[in-house]
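>>> got a predicted structure here, sequence first:
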Amino acid sequence: MNTSNSAYENVLIAVDLSEGTGQIIERAKAIAPNADCRLVYVLDPVHYANANIAMSPVDIMEQVRERVRSELLELGHKHALSEHPHMVAEGHPASTIHSLAETLQADLIVVGSHGRHGVQLLLGSTANAILHGAKCDVLAVRIGK
Ligand code: AMP
């Protein structure tokens, strides 16, 4: 982990694939142009546990995981990110991102100020939860309307 004042080297970009995602990625690249940037999306099993359709939660999650994986790949190409694999993780978004950041020794986490849940708040709830408890710097990219 980079604890000095030198440039960021290892950046984790948390994306929920909502409208502002491209903006978040471009801001991360601008602030850390030479860093390894990885995209991470966290699938929260809670959202699928009671889905009222004919498929099991495990099968739904597998389908979502596959779709997200290909969207991350596409975004990586579109924004010319480094070749590090992007990740579809599973769990509670904020705590999963905290532990991933530690495991990967990220020196910066980049999030959007708002995503799918937070439009009416100053800072979305996931963004806020990521900010609290992170052991490295966190950049909240202001997502315009
Ligand atoms: P929210 O707090 O839900 O409005 O989302 C704010 C920001 O948190 C988003 O722009 C993303 O950067 C991040 N975020 C929210 N949900 C997720 C998720 N499931 N996986 C990864 N990042 C997320």
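Okay, I see it.
>>> near the ligand, which residues of the chain are found?
14-16, 20, 24, 40-42, 93, 111-112, 114-118, 124-127 (CB under 6 Å from any ligand atom). In this view, the C-beta of every residue, glycine as well, is placed from N, C-alpha and C.
>>> write a ChimeraX command that selects only the buried members of the residues you listed.
To isolate the buried ones among the residues of the chain next to the ligand in ChimeraX, judged by 16 or more other CB atoms under 10 Å, type:
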select :14,15,16,20,24,40,41,42,93,111,112,114,115,118,124,126,127
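>>> quick check: longest helix in the protein by residues?
helix 57-78 (DSSP state H).
>>> how about that helix: buried residues?
Neighbour-count burial for helix 57-78 [16+ other CB under 10 Å]: Met61, Val68, Glu71, Leu72, Leu75, Gly76.
>>> of those, just say which sits nearest to the ligand.
Val68 (9.2 Å; CB to the nearest ligand atom).
>>> how about the closest one, what does it touch?
Leu17, Tyr41, Leu43, Val88 (CB atoms under 8 Å, 6 or more residues apart in numbering).
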